[in-house]
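Student: Task: produce atomic coordinates for the following.
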Amino acid sequence: MSPEEIISVEATPAESGAANGPRTAAQPTPASSKRDSGPVSNRIVSLDVFRGMTIAGMILVNNSGGPSYGPLDHAEWNGWTHTDLIFPFFMFIAGASMALSFSRRKSKAFTAKGAEDANENKVGAEALRRELMWHAVRRGATIFLIGLFLNLYPWFFDAHRYATLRIPGVLQRIGFCYVFAGMIYLWTSSSQLPVVSSQEDQDQNQKQIPPFGRNDNRRRARVAIMVAGLLGYWAAMKLIPVPGYGAGDLAPTHNLAAYIDNAIFGVQHMWQHRAWDPEGLLSSVPAICTMLIGTFVGELFVASRQLSVASSQEKNARADSLQNDRGTSAKSGPKDDKTDRFADLQSTWQYKVKRLIAWGIAFVVIGEVWNIWFPINKNLWTSSYVMFTAGYAMLALAACYWIVDVKGWRKWATPFLVFGSNAILVFTLSTWVTKILLITHVPNGKGGSMSAWSWVIVNSWRPRVWLLGADVRNSSLAFALSYVLIWLAVMWWFWRKKIFVKI
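Tutor: Numbering: from 1, shown residues only. As a prediction, this is how the structure comes out:
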């Protein structure tokens with residue numbers, strides 16, 4: 001992925017959290033909620049941190065100062081390196097943020113009574129669904145156009161550049177997938193807001209929540225779409241013959257995805273004018289599945305958090321009642337079974353972590369086994385690659401969630417939170433500056449010229465390679481780290497001023 005192509009879909013800090021859900025008559029007043037055994041945040045801070053870590057990684061690997069160490073380069077074709085995890089992590093996080101953001105918008109749209117009315121006549125809920133669909137279309141189209149803008153900059157009035165403009169790209173894939181994943185998600189998720197009011201309802205909902213949210217026919221339909229997409233892509237790539245090469249050949253220029261991209265875009269509009277493109281059209285189908293997997297994880301946080309809010313608030317209400325009746329602290333009084341059950345429901349972080357770990361391991365294993373027949377390949381975004389990277393993302397998010405949100409160890413994560421809370425801005429600016437340096441030429445001191453980017457590399461860490469050892473890869477890594485730190489300093493100013501840019 002070239003520097004001018006990269007950007008991320010983000011949810012702002014306000015959008016990264018699940019909504020509290022409507023207050024019902026059975027829930028206590030805010031005053032009684034202050035004695036919560038653990039504060040319930042309306043933000044999933046770990047998701048912002050996770051996003052920031054991937055963004056920092058993307059800046060690092062795309063702005064090296066020369067030859068890089070193996071883990072900081074993409075796999076040449078089949079197989080994977082840690083660099084190959086970053087883009088699918090973006091897609092996964094975008095899906096999780098989508099679920100959390102849409103949940104927040106639903107909660108803003110309805111009060112508790114409004115939600116009940118909408119559940120009866122479906123009019124308000126369906127109107128909201130259509131509004132969110134248009135939001136997904138607008139957001140995805142905007143991201144797509146930003147990608148084209150960065151690819152074309154600064155030759156907007158050069159007709160020749162339009163004839164050779166690369167149409168696919170990283171941003172373009174994110175925008176394209178966001179539109180279709182958003183529509184699929186909205187169609188296959190409940191348009192009704194959950195109103196948890198009784199202990200019986202809470203117990204029933206807790207039993208029904210599967211690893212990725214409440215189980216209903218709409219979610220089953222989403223799973224079916226994902227399975228059909230991954231199996232269908234596998235079958236198409238292995239069984240449909242390509243003229244001149246036959247069926248099942250996955251070489252860069254011999255596979256079905258490359259054939260379709262050549263037929264639709266042409267070599268002149270593809271990556272480096274080659275006969276294949278790593279962000280092509282057909283391979284965007286499994287990329288949509290990566291984003292949809294993220295929506296299930298987002299729903300996991302929404303559903304279990306709503307139960308945590310309801311159970312902890314009702315527990316506090318019962319504690320107030322005991323204190324008033326007996327004139328003693330609820331903690332010193334006898335505990336009944338129902339109070340213990342409320343305490344168990346409160347501990348939903350264990351449920352989330354266990355599910356993320358269990359399903360993360362399962363997805364990684366499935367991806368590795370599938371790799372035998374359909375190799376893990378980032379450029380083709382193979383079905384095995386989808387499963388493997390999604391599982392890896394779940395494990396990474398589980399660790400990040402436990403450290404940041406459960407244990408509350410957040411000081412170390414502040415730099416990543418700064419990046420993750422302004423993802424679009426930092427990638428737009430860093431990508432734009434990198435491209436300006438690449439296309440600007442300066443004298444090289446030998447009667448010729450060189451790009452400003454190369455001049456900075458040659459005159460920064462490269463002459464001081466002896467400080468880092470004889471290996472030029474050390475100076476390359478030092479340059480890339482310096483570039484990340486420069487943008488961290490810039491974004492810290494926005495963070496301190498509470499300026500958050502979103503689409």
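Student: make it CA atoms for all contacts and neighbour counts henceforth
Tutor: Noted.
Student: Just say helix, strand or coil for the most centrally placed residue in the chain.
Tutor: Centroid check for the chain by CA atoms, centre = their mean gives residue 93 as the closest residue, at 1.3 Å. When classified by DSSP: H, G, I helix; E, B strand; the rest coil, residue 93 comes out as helix.
Student: quick one: pLDDT of it?
Tutor: Note on residue 93: pLDDT of 96.
Student: Quick check: closest non-adjacent residue to it.
Tutor: When the adjacent residues along the chain are set aside, residue 93 lies closest to residue 294, with 6.1 Å between them (CA to CA, 6 or more residues apart in numbering).
Student: Point me to the helix or strand that includes that neighbour.
Tutor: Here residue 294 sits within helix 284-326, counting by DSSP states H and E.
Student: quick one: the strands in the protein?
Tutor: Under the criterion DSSP state E, the chain contains strands at 441-443, 449-451.
Student: Tell me, how many residues neighbour residue 411?
Tutor: Counted by other CA atoms under 10 Å, the residues lying close to residue 411 total 9.
Student: could you measure it against residue 405, distance?
Tutor: Applying CA to CA, to the nearest Å, the value for residue 411 to residue 405 is 12 Å.
Student: Next: residue 281.
Tutor: Distance of residue 281 to residue 405, given as CA to CA: 38 Å.
Student: Isn't residue 397 up against residue 49?
Tutor: No - under the criterion of CA atoms under 8 Å, residue 397 is not in contact with residue 49, lying 9.4 Å apart.
Student: Overlap of the contact sets of the two?
Tutor: With CA atoms under 8 Å, 6 or more residues apart in numbering applied, the contact sets of residue 397 and residue 49 do not overlap.
Student: Could I get the contacting residues of the residue nearest to residue 257 when sequence neighbours are not counted?
Tutor: Of all residues not flanking residue 257 in the chain, residue 282 sits nearest, at 5.4 Å (CA to CA, 6+ apart). With contact taken as CA under 8 Å, 6+ apart, residue 282 is in contact with 257, 260, 261.
Student: Most neighbours of all those residues, which one?
Tutor: Neighbour max across the contacts of residue 282 (other CA under 10 Å) = residue 257, 26 neighbours.
Student: Run through the residues that contact that one.
Tutor: Contact partners of residue 257, counting by CA under 8 Å, 6+ apart, are 237, 276, 280, 281, 282, 283, 380.
Student: Which one of the residues you listed sits in the busiest neighbourhood?
Tutor: residue 380 (29 neighbours).
Student: you'd agree that residue is up against residue 276?
Tutor: No - counting by CA under 8 Å, residue 380 sits too far from residue 276 to count as a contact (9.6 Å).
Student: Would you mind giving both backbone torsions of residue 379?
Tutor: Per-residue torsions, residue 379: phi -60, psi -30 (degrees, to the nearest 10).
Student: From residue 360, how far off is residue 354?
Tutor: Taking CA to CA as the measure, residue 354 falls 10 Å from residue 360.
Student: okay, the two: which has more neighbours?
Tutor: The residue with more neighbours, out of residue 354 and residue 360, is residue 360; 24 against 15, by other CA under 10 Å.
Student: Next, count neighbours for the closest residue in space to the more buried one that isn't next to it in sequence.
Tutor: Using CA to CA, 6+ apart and skipping the chain neighbours, the partner closest in space to residue 360 is residue 391 (3.9 Å). Neighbours of residue 391 under the rule other CA under 10 Å: 25.
Student: Then residue 409?
Tutor: Residue 409, neighbours per other CA under 10 Å, totals 12.
Student: what's near enough to touch it?
Tutor: residue 403.
Student: Minimum distance to residue 65: which of the strands of the chain has it?
Tutor: With CA to CA as the criterion, residue 65 lies closest to strand 449-451 of those, at 12.9 Å.
Student: What helices and strands are in contact with that closest one?
Tutor: Strand 449-451 sits against helix 423-439, strand 441-443, with contacts defined as 3 or more CA pairs under 8 Å, 6 or more residues apart in numbering; DSSP states H and E.
Student: Report the separation between residue 361 and residue 349.
Tutor: Taken as CA to CA, the span from residue 361 to residue 349 is 18 Å.
Student: ok, now residue 439?
Tutor: To residue 349, residue 439 is 49 Å away according to CA to CA.
Student: Neighbour count for the two, which is higher?
Tutor: The neighbour count for residue 439 versus residue 349, taken as other CA under 10 Å, is higher for residue 349 (19 against 13).
Student: Can you report how many residues lie near the residue nearest to residue 93?
Tutor: A count of nearby residues for residue 294, using other CA under 10 Å, gives 27.
Student: Surely it is in contact with residue 90?
Tutor: No - contact between residue 294 and residue 90 fails when scored by CA under 8 Å: they sit 9.7 Å apart.
Student: Identify the contacts common to those two.
Tutor: Counting by CA under 8 Å, 6+ apart, residue 294 and residue 90 have no shared contacts at all.
Student: re earlier: between the helices and strands packed on strand 449-451, which gets nearest to residue 78?
Tutor: Nearest of those (CA to CA): helix 423-439, 27.4 Å.
Student: Give me the helices and strands touching the closest one, please.
Tutor: Contact partners of helix 423-439 among helices and strands, from 3+ CA pairs under 8 Å, 6+ apart: helix 45-62, strand 449-451, helix 452-459, helix 472-496.
Student: That one vs helix 452-459, what angle?
Tutor: Angle, helix 423-439 to helix 452-459, by axes from the mean of the first three to the mean of the last three CA atoms, to 10 degrees: 80 degrees.
Student: Distance of residue 475 relative to residue 67?
Tutor: To residue 67, residue 475 is 9 Å away according to CA to CA.
Student: With neighbour numbers in mind, choose between these two.
Tutor: residue 475 (28 against 15).
Student: Hmm, residue 65 and the more buried one touching each other?
Tutor: Yes - if you go by CA under 8 Å, residue 475 and residue 65 touch, sitting 7.1 Å apart.
Student: show me where pLDDT drops low in the chain?
Tutor: 1-42, 109-124, 190-215, 303-347, 461-470 (pLDDT under 70).
Student: try 80
Tutor: Judged by pLDDT under 80, the chain has its weakly predicted residues at 1-43, 65-66, 106-126, 190-216, 303-347, 445, 447, 458-471.
Student: just checking, residue 357 touches residue 397?
Tutor: No - applying CA under 8 Å, one finds residue 357 not in contact with residue 397, separated by 9.1 Å.
Student: Now do the shared contacts for these two.
Tutor: With CA under 8 Å, 6+ apart as the test, residue 357 and residue 397 reach no residue in common.
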